[in-house]
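> Okay, sequence plus prediction incoming.
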Amino acid sequence: GLLRQLVLLPGSDATSRVCPSSDPRLAVLSVPQALLTMPITPTGNDIVPLYPYEAEVFITPGTQPPCAKAEEGQLWFNTLKKGLLLCDGRLWLPLLQEKERLDYVEDYQDLYTNSETFDIEVFHIPSQGLFAATANRQTKPGSGIYKWVDGKFQVYQNIITYEARAWKYFTVGNKIFLAVANSKGQPGEEWEESVIYKWSSRKLMFLPYQTIETHSALDWEAFSIQEQHFLAVANHRRGDNNHNIDSVIYRWNPGTKVFEVNQTLETSGAYDWEFFSVGPYHFLVVANTFDGISTNINSTIYIWLGGMFQPFQYIKTVGATDWEMFQVKDRYFLAVANGQKLNERGPSHYNINSTIYELNVITQTFVKFQDIVTNSAVDWEFFSVGEEKFLVVANSHDGSSYSLNSVIYRWQGYEGFVPIHRLPTIGCTDWEYFNTTAGSFLVYSSATSPLSKVFRLKTH
């Protein structure tokens, strides 16, 4: 029949009132086994069962909790998520659930780093946990690897680097790697060397695996196409003045088990690579910053055709420092962070537009969707909370100060992205979003201070 009202009575057995039956077992308001816990008292001897209405299950955000076959058809009212779920014999499926929404952002952790930080890479190693790698300016003790322990990042390993500008975590089969982009060379060397580190499951730390000659490298991008693994390095300049040099794409050789040169691409002060796919097509876009004369130059989107990347579209950018690709339903976007506009007869302009482009499937090109005023933007980070979509920008400098607000923008459909939160930052160069069992977080790096910060996203 039609159930018009359900009343939950903690600790009471209403079976005989609600559903008189010759076989009461069929009418028991049973509690799912996943919700029942049997805590041991401090003495370690007595096992005291919790009341069903006090039990709760902790589930990693973004995943559906499992249920047993015997619980199929049972209902669970989740008090934390304010939702009603049904067991299908394998998972608890939401029937009615309050949508999670971002309420505000709170200061969570001061992350003290070895020196100024240009980039943070957050990653998860299976069976080991959550980690963060910071790209630090000073050589010794170098860049830091931090592990998430008891709800905070704690120092785990230090790696000697040479003005590291970025880290990239990736896997090849069951091998786990972490590549660093070193922008400076060792004393006495004529070029720079960037290093790929491999995770040792025996020593539980990252060890050097392969060294690659780079030129003021600012970024690594890792990606796979048709089961082939690639690494792209953004070579910023050779020496002090030559910004028009090749950036290189390396391919993993399964035979030699190292990365080998696969293709070179002409770039101008390359700062960032971003790989993405749309349907069966694969793209790689570079942020070109400076050609030796101007920052008002083209950045290039490449498409994978015939086993190599070929130019697909040129987009005019202004000292571009970052590309962020994201998707909202069936719409594809590219956001560029524009850093600065050089003025030959006066001071440079740092208060300029960064731009979001949308893929037009009819013309098969990216067209301007929205301009957002930024202050020497260095990074965009896209993330979701529930069904809401957000972009946060790293504002680094306004021409006179590094103490600026970085801004979180929320997707509002026809209005585009609208500012909703302004976060005080100092020399902000990178944002990373991550999830743990404790909730959702944002962490930013500072290029002017040995202090990065972790923020928690409070939701309701």
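Cool, got the structure.
> Around the nearest residue to residue 89 once chain neighbours are set aside, how many other residues sit close by?
Of all residues not flanking residue 89 in the chain, residue 72 sits nearest, at 3.8 Å (CB to CB, 6 or more residues apart in numbering). Any C-beta I mention is one placed from the backbone N, CA and C, and that applies to glycine too. Here the count is done by other CB atoms under 10 Å, and residue 72 has 12 residues near it.
> Quick check: residue 72 vs residue 357, distance?
48 Å (CB to CB, to the nearest Å).
> hmm, back to that, please read off the pLDDT at the residue nearest to residue 89 from the model.
pLDDT for residue 72: 88.
> Show the contacting residues for it.
Shown in contact with residue 72 (CB atoms under 8 Å, 6 or more residues apart in numbering): 87, 88, 89.
> Can you get me a residue count around the second one?
Yep, that's residue 88 we're talking about. Going by other CB under 10 Å, the residues that sit close to residue 88 add up to 14.
> Check the gap between it and residue 73 for me.
In terms of CB to CB, residue 88 sits 8 Å off from residue 73.
> before we move on, what about residue 128?
38 Å.
> do residue 367 as well
50 Å.
> For the helix or strand hosting residue 131, which strands pair with it and how are they oriented?
Residue 131 belongs to strand 129-136 when assigned by DSSP states H and E. Paired neighbours of strand 129-136 in the sheet (DSSP bridges): strand 117-125 (antiparallel), strand 143-149 (antiparallel).
> now those strands as a markdown table including mean neighbour count?
Listed next are the strands paired with strand 129-136 as a markdown table, based on neighbours: other CB atoms under 10 Å:
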| stretch | mean neighbour count |
| --- | --- |
| strand 117-125 | 21 |
| strand 143-149 | 21 |
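> Now that we have those, can you turn them into a markdown table and tack on mean pLDDT and distance to residue 284?
As requested, the strands paired with strand 129-136 are exported to a markdown table (pLDDT from 0 to 100; distance: least, CB to CB, whole Å):
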| stretch | mean pLDDT | distance to residue 284 |
| --- | --- | --- |
| strand 117-125 | 98 | 19 |
| strand 143-149 | 98 | 26 |
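> What is the neighbour count of residue 228?
Neighbour tally, residue 228, other CB under 10 Å: 12.
> what bridges to the residue nearest to it when sequence neighbours are not counted?
In space, and not counting its chain neighbours, residue 228 is closest to residue 251: 6.2 Å by CB to CB, 6+ apart. Beta-bridge partners for residue 251, by DSSP bridges, are residue 230, residue 260.
> Next, find the distance separating residue 251 from residue 393.
33 Å.
> Would you mind telling me which of the two has the busier surroundings?
Ranked by neighbour count (other CB under 10 Å), residue 251 and residue 393 place residue 393 first, with 27 against 15.
> which stretch of helix or strand covers the more buried one?
strand 388-395.
> mind listing what the next helix-or-strand element following that strand pairs with, with the direction of each?
Counting by DSSP H and E, the next helix or strand C-terminal to strand 388-395 is strand 403-411. Strand pairing for strand 403-411, determined by DSSP bridges: strand 388-395 (antiparallel), strand 417-426 (antiparallel).
> In CSV, please show the C-alpha coordinates belonging to the last one.
Written as CSV, here are the backbone C-alpha positions of strand 417-426 (Å, rounded to 0.1, in the frame of the first residue of the first chain):
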residue,chain,number,x,y,z
PHE,A,417,31.4,31.6,-13.0
VAL,A,418,30.5,34.1,-10.3
PRO,A,419,32.8,35.0,-7.3
ILE,A,420,31.6,33.6,-4.0
HIS,A,421,34.6,33.4,-1.7
ARG,A,422,37.7,35.6,-1.4
LEU,A,423,40.7,33.9,0.4
PRO,A,424,43.6,36.0,1.6
THR,A,425,46.8,34.5,0.2
ILE,A,426,50.5,35.6,-0.1
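> Please identify the buried residues of the following helix or strand past it?
Next helix or strand after strand 417-426 toward the C-terminus (DSSP H and E): strand 428-436. By 16 or more other CB atoms under 10 Å, the buried positions in strand 428-436 come out as 428, 429, 430, 431, 432, 433, 434, 435.
> Next up, the contacts around the fourth one.
By CB under 8 Å, 6+ apart, the residues touching residue 431 are 379, 380, 381, 392, 393, 394, 406, 442, 443, 444.
> Across the sheet, point out what pairs with it.
residue 444.
> Which pLDDT value goes with it?
Here, the pLDDT recorded for residue 431 equals 98.
> picking that back up, measure the residue nearest to residue 228 to residue 78 for me?
47 Å.
> do the same with residue 352
Residue 352 is 47 Å from residue 78, by CB to CB.
> May I see the buried residues of strand 428-436 organised as JSON lines, with distance to residue 314 added?
Below are the buried residues of strand 428-436 laid out as JSON lines (distance: CB to CB, whole Å):
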{"residue": "428", "distance to residue 314": "29"}
{"residue": "429", "distance to residue 314": "26"}
{"residue": "430", "distance to residue 314": "26"}
{"residue": "431", "distance to residue 314": "27"}
{"residue": "432", "distance to residue 314": "29"}
{"residue": "433", "distance to residue 314": "30"}
{"residue": "434", "distance to residue 314": "34"}
{"residue": "435", "distance to residue 314": "37"}
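> which one among the residues you listed gets closest to residue 8?
residue 435 (29.9 Å; CB to CB).
> got the buried residues for stretch 433-446?
Buried-residue list, stretch 433-446, by 16+ other CB under 10 Å: 433, 434, 435, 440, 441, 442, 443, 444, 445, 446.
> now stretch 339-347
Result for stretch 339-347 [16+ other CB under 10 Å]: buried residues 339, 340, 341.
> number of nearby residues for residue 413?
7.
> So, low pLDDT: which residues of the stretch 201-350 of the chain?
346 (pLDDT under 70).
> let's see it at 50
Counting by pLDDT under 50, the stretch 201-350 of the chain has no low-confidence residues at all.
> Show me the domain layout of this structure.
15-97, 102-459 (automatic domain parsing).
> Tell me which of these is the most buried.
Mean neighbour count (mean count of other CB atoms under 10 Å) peaks for domain 102-459 among the domains of the chain, with a mean of 18.
> ends of it, how far apart?
5 Å (CA to CA, to the nearest Å).
> what distance separates that domain from the middle of the whole chain?
The chain centre lies 10 Å from the centre of domain 102-459; the measure is CA atoms, centre = their mean, to the nearest Å.
> Which residue ranges of the protein form helices?
15-18 (DSSP state H).
> Thanks a lot, catch you later.
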